[in-house]
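# give me a model of this one.
(2 chains)
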Amino acid sequence: MSLAAKEKWRKRIVALLRTVLLIGIAYVILQPLIYRFSTALMSMEDLYDQSVRWIPRKPTLRNFRLMWEHMEYVSAFGRSFFLAALTSVLQLFTCSMVGYGLARFKFPGSQIIFGLAIFTLMIPPQLIMTPSYLNFRFFDFLGLFRGQPLNLTGTYWPFILMSLTCTGFRCGLYIFIMRQFFRGMPKELEEAAYIDGAGPFTTFWRVMIPGAVPGLVTTFLFSFVWQWNDYLYVTTFMAGRNFLPQALEGAASRVAKAIDEADALASSSGFLDDHFYSLINNAGMLMVILPLLILYIILQRYFVESVERTGIVG
Amino acid sequence: MKRKRRPMSFSRRQKLAGFLFTVPFLIGFIFLFAVPFYQAVVISFSELVLTPQTFELKPKGWENYGYALQVHPEFSKTFTEVLVKLATELPMIIGFSFFAATILNSDFRGRTFVRTLFFLPVILGAGVVLKMETQDYAQIMVTHLAEGAPFFGGAAVRSFFAAARFPAGMVDYVIDAIQALPTVIRASGVQILIFLAGLQSIPREVYEAASVEGATGWERFWLITFPMMSPLILVNVIYTVIDSFTAMNNELVVLIRETMLRGAGYGVSMAMAMIYFVAIGLILLAVFGLLSRRVFYHV
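This next block holds a predicted model:
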């Protein structure tokens, strides 16, 4: 066999192995999603039917309908969307600013500030959640404000304040991403702007931000997704309000109660067991995830591009 | 008389601008991070009493720590379990994400699609969904069925390798590793991203020069790719540790939360969190010390 033919065969085998491997990994990644879809569409008979594995024999949208109603999906969605959009836009703004300051300017203490940003990532948020809660519950501007302390829990203020000061959930990571991204951008643009008489802030706003769109999209995506999925912050600062996480957690028992009241027979016949919860919870989880999936599919082009071009890590 | 101020030099102005850019974070770090952190330390040494108007702290010394470590029925056990689990999964996550990044970095059709797919767990497997997943009975049932399946959990495999005189510890690790594979793959999204970015940043010329000099693929990997990627291995180790110990389905995180809401109260839960934090801090320091001397920095 000639050398070229050998090389061709080698390439084919490598490609085949790679394809098999990738299909396997893709299955592992997609399996929970497929599982969730198939379970959410099942009726109770399908769940107990041993011969039904993936494709429900009697598909029903009942689980979705029940969850839609009892999660108060529309209002919970609206609240969660507003919160995630609010925090991610604010975080995008401040974290990119801080990231730029750390990427392009050398001043005494800049290394220390960068270290502190990474340090905030290493502290589990659970650790400072109780004192943070107390500070926002009895908010007195840390002693500067005389008189009755304000109660900021149940409002959006804790989230606004934390986002504006880059101390929200995983903000250290966003600072890191933006710093790396700005470091990878060519210096010539800024130099040209300075020569034309622009100050650092004008340069940042008019020259750097428009050039950093892929990095900004990555940060926005992370920040939006993590705020959307977040359970800890939203249950601490917004206790008792119906955001998607609370809605998802509480809905199953409300559904059960409603069915119980409508049909006492159902509960006595063992209809409302853990598996029933599993059906409706899977429907609920899908309803929480689906908006993110759509957002990701829309933005993934920028997301993958930002990785390709400069990389999150320079 | 008003003295006329000299205009600032360019470099001083730049330094000031840089500082101003980072001011929001500094304010936040001091007031919304350092202060609560200090308060958390104080609470861990006291008993917190909440009243509708304000809150009170009664100092208790080391009592909360003693309670967490010696009296609490589950803390010590869960604590060790979580650390052992982390120690087993960490090398696998790093290994797998490095491997996946190398595959995704090569050229093939449908690459963009596969990449999109690989980062999907970053989007889907976080926060409340992860929390609900641990309560999903049907899923737990399915997982148990799969684990009981004849091949992987099987005693036959174990006894076969034991008969072949493989050390039992190694066989167990490999079997556990295979079972943990789905978890590992789903926990590797961001790490793959970081490695992939690193691979992209290695200049192509370096490889070309090596090929001209007659380096084989094997040599190119170990003498170029690996050293160039070593700082990122460090970054990923740290990220993985942080990610796993702040995850919503981490047993210890669940325990700390339960303790706070329904158990022995704020003081004890803060003490538990402190113990956990210090342990993780020490592990990170050890890893950092161990790896950072071997890391190669490309100038």
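
# just the buried positions in the longest helix along chain B, please.
In chain B, taking DSSP state H as the definition, the longest helix is helix B:75-105. Buried residues in helix B:75-105, counted by 16 or more other CB atoms under 10 Å in any protein chain shown: B:75, B:78-79, B:82-83, B:85-86, B:89-90, B:92-94, B:96-98, B:100-105. For every residue, glycine as well, the C-beta is placed using N, CA and C.

# then stretch A:206-213 to CSV, C-alphas only?
Taking Å, rounded to 0.1, in the frame of the first residue of the first chain, the C-alpha atoms of stretch A:206-213 are listed here in CSV:
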residue,chain,number,x,y,z
ARG,A,206,-17.0,54.3,22.3
VAL,A,207,-14.1,52.2,21.2
MET,A,208,-13.7,49.2,23.5
ILE,A,209,-17.3,48.2,24.2
PRO,A,210,-18.3,47.9,20.6
GLY,A,211,-15.3,45.8,19.9
ALA,A,212,-15.9,43.4,22.8
VAL,A,213,-19.4,42.2,21.8
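
# now the element after the longest helix of chain B, going C-ward?
helix B:111-118 (DSSP states H and E).

# hmm, who's touching that next one?
A:22, A:25-26, A:29-30, A:296-297, A:300, A:304, A:307, B:100, B:104, B:189, B:192, B:196 (CB atoms under 8 Å, 6 or more residues apart in numbering or on different chains).

# please flag which of those sit within helices.
Per DSSP H, these map to helices at A:22, A:25-26, A:29-30, A:296-297, A:300, A:304, A:307, B:100, B:104, B:189, B:192, B:196.

# restricted to buried residues, select those in PyMOL.
Command for PyMOL that selects the buried part of the ones in helices among the contacts of helix B:111-118, burial taken from 16+ other CB under 10 Å:
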select buried, (chain A and resi 22+25+26+29+296+300+304+307) or (chain B and resi 100+104+189+192+196)
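
# just to revisit the earlier point, just give me the closest of the contacts of helix B:111-118 to residue B:30.
Checking these against residue B:30 with CB to CB, the nearest one is residue B:189 at 32.7 Å.

# do you know how far that closest one is from chain A?
To chain A, residue B:189 is 9 Å away according to CB to the nearest CB, to the nearest Å.

# grab the nearest non-local neighbour of that residue.
Distances taken as CB to CB, 6 or more residues apart in numbering or on different chains place residue B:122 nearest to residue B:189, at 3.7 Å, with adjacent residues excluded.

# secondary structure class for that neighbour?
Classification of residue B:122 by DSSP: H, G, I helix; E, B strand; the rest coil places it in helix.

# show me the contacts for it.
Residue B:122 neighbours (CB under 8 Å, 6+ apart): A:222, A:225, B:189, B:190, B:193.

# rerun at 10 Å
By CB atoms under 10 Å, 6 or more residues apart in numbering or on different chains, the contact list for residue B:122 reads A:221-222, A:225-226, A:296, A:303, B:186-193.

# cool, residue B:259 as well?
Per CB under 10 Å, 6+ apart, neighbours of residue B:259: B:68, B:72, B:74-75, B:265-273.

# secondary structure element for it?
Counting by DSSP H and E, residue B:259 is found in helix B:251-262.

# in the stretch 1-150 of chain A, which ranges drop under the pLDDT threshold?
A:1, A:48-53, A:141-147 (pLDDT under 70).

# what's residue A:60 sitting at in phi/psi?
phi -140, psi 150 (degrees, to the nearest 10).

# I'd say it and residue A:280 touch.
No - using CB atoms under 10 Å, residue A:60 is not in contact with residue A:280; the gap is 11.4 Å.

# mutual contacts of these two, please.
residue A:40.

# more neighbours: these two, which one.
Comparing residue A:60 with residue A:280 by neighbour count (other CB atoms under 10 Å in any protein chain shown), the higher total belongs to residue A:280, at 23 against 16.

# name the nearest residue to that one, sequence neighbours excluded.
Closest to residue A:280 by CB to CB, 6+ apart is residue A:63, at 4.9 Å.

# residue A:277 now?
That would be residue A:252: by CB to CB, 6+ apart, it lies 4.8 Å from residue A:277.

# got a list of what the one you found touches?
A:66-67, A:70-71, A:272, A:274, A:276-281, A:284, B:132, B:135.

# would you map out the domains in chain A?
Per automatic domain parsing, the structural domains of chain A span A:1-60, A:61-309.

# looking at those domains, which one is packed in the most?
domain A:61-309 (a mean of 19; mean count of other CB atoms under 10 Å in any protein chain shown).

# and that one, how far out from the chain middle?
6 Å (CA atoms, centre = their mean, to the nearest Å).

# ok, stretch B:113-121 next?
20 Å.

# I'd say residue A:244 and residue A:234 touch.
Yes - judged on CB under 10 Å, residue A:244 makes contact with residue A:234 at a distance of 8.4 Å.

# who touches both of these two?
Joint contacts of residue A:244 and residue A:234 (CB under 10 Å, 6+ apart) are A:79, A:80, A:83, A:84, A:228, B:127, B:128.

# tell me the spacing between the residue in the stretch 151-299 of chain B positioned nearest to chain A and residue A:81.
Here the stretch 151-299 of chain B gets closest to chain A at one residue, residue B:197, 3.0 Å apart by CB to the nearest CB. Separation of residue B:197 from residue A:81 (CB to CB, to the nearest Å) stands at 30 Å.

# again with residue A:22
With CB to CB as the criterion, residue A:22 and residue A:81 are 34 Å apart.

# what of residue A:213?
In terms of CB to CB, residue A:213 sits 22 Å off from residue A:81.

# check residue B:110 too.
From residue B:110 to residue A:81 the distance is 32 Å (CB to CB).

# do the same with residue B:213
57 Å.

# buried residues of stretch B:270-288, list them for me.
B:270, B:271, B:272, B:273, B:274, B:275, B:276, B:277, B:280, B:283.

# tell me which element the first one is part of?
Translated: residue B:270. Counting by DSSP H and E, residue B:270 is part of helix B:266-292.
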